[in-house]
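[1] mind folding the following:
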Amino acid sequence: MKELFSLFYIFAKIGLFTLGGGYAMLPLMERELVDKRAWMGRQDFLDTIAVAQTAPGIMAVNVAILTGYKRARAWGSFWAALGAALPSFIIILLIAIFFATYRENPIVERIFKGVRPAVVALIAVPVFRLAHAARINWKTVWLPAAAAGLVWIGHVSPVYLVVVAGLSGYLWAVKRENK
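    Numbering: from 1, shown residues only. So this is what the prediction gives:
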């Protein structure tokens, strides 16, 4: 029972104090799950993020589900996912109630314009951390850059890129194993 409460509390705290969505939550998740609680190593965290990104749904909730399952099976997944989703749901509900009334207010408009650069920074930090953890360097940076270009400029579905990357990784590992 204590484990379930811990899962709910940790993910609710992360969900409550993070602006910018799933990617902005990654540094807080890493600090809580890897550094503070040592529930997983950095490589496990990176693998969890990779699986969470490829699964359908909200990445932060997917990380919560995977972490919860690892800690306390199905009930752990449930309580961790509820903790991750509930704060956002409540905040969005409150914003929706009041936003219609204050949308045209110049102060509210300025606040939202001021928050945008902070959200970009909150998303950029985990991207660089993930790149470092995935051992992306100046020799391999072309791979994620090409994938981003194909999605952004070429309008290629990320699903195709994930499938091709997964198959390529598998074939590369098999080739290395056979040597």
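[2] and for the helix or strand hosting residue 168, what's in contact with it?
    Using DSSP states H and E, residue 168 maps to helix 158-178. Outside of helix 158-178, the residues within contact range by CB atoms under 8 Å, 6 or more residues apart in numbering are 54, 147, 150-151. (Glycine included, C-beta is placed from N, CA and C.)
[3] ok, now with 6 Å
    Counting by CB atoms under 6 Å, 6 or more residues apart in numbering, helix 158-178 makes contact with 54, 147, 151, all of which sit outside it.
[4] quick one: which of the residues you listed sit in strands?
    When DSSP state E defines the strands, the subset of the contacts of helix 158-178 inside them is empty.
[5] okay, now the unreliable bits of the chain?
    Low-confidence regions of the chain, defined by pLDDT under 70, span residues 19-20.
[6] domain parsing of it, as residue ranges.
    With automatic domain parsing serving as the domain definition, the record reports that the chain contains domains spanning 2-135, 137-179.
[7] would you mind pulling up the elements that the lengthiest helix in the chain packs against?
    Across the chain, the helix with the greatest residue count (assigned by DSSP state H) is helix 59-102. Based on contacts counted as 3 or more CB pairs under 6 Å, 6 or more residues apart in numbering; DSSP states H and E, the elements that helix 59-102 packs against are helix 2-16, helix 22-30, helix 42-54.
[8] ok, back up a step: the inter-axis angle of the helix holding residue 168 versus helix 42-54?
    What separates the directions of helix 158-178 and helix 42-54 is an angle of 140 degrees, with axes from the mean of the first three to the mean of the last three CA atoms, to 10 degrees.
[9] could we number from 881 for the rest of this?
    All set: I'll call the first residue 881, so the last point we hit is now helix 1038-1058.
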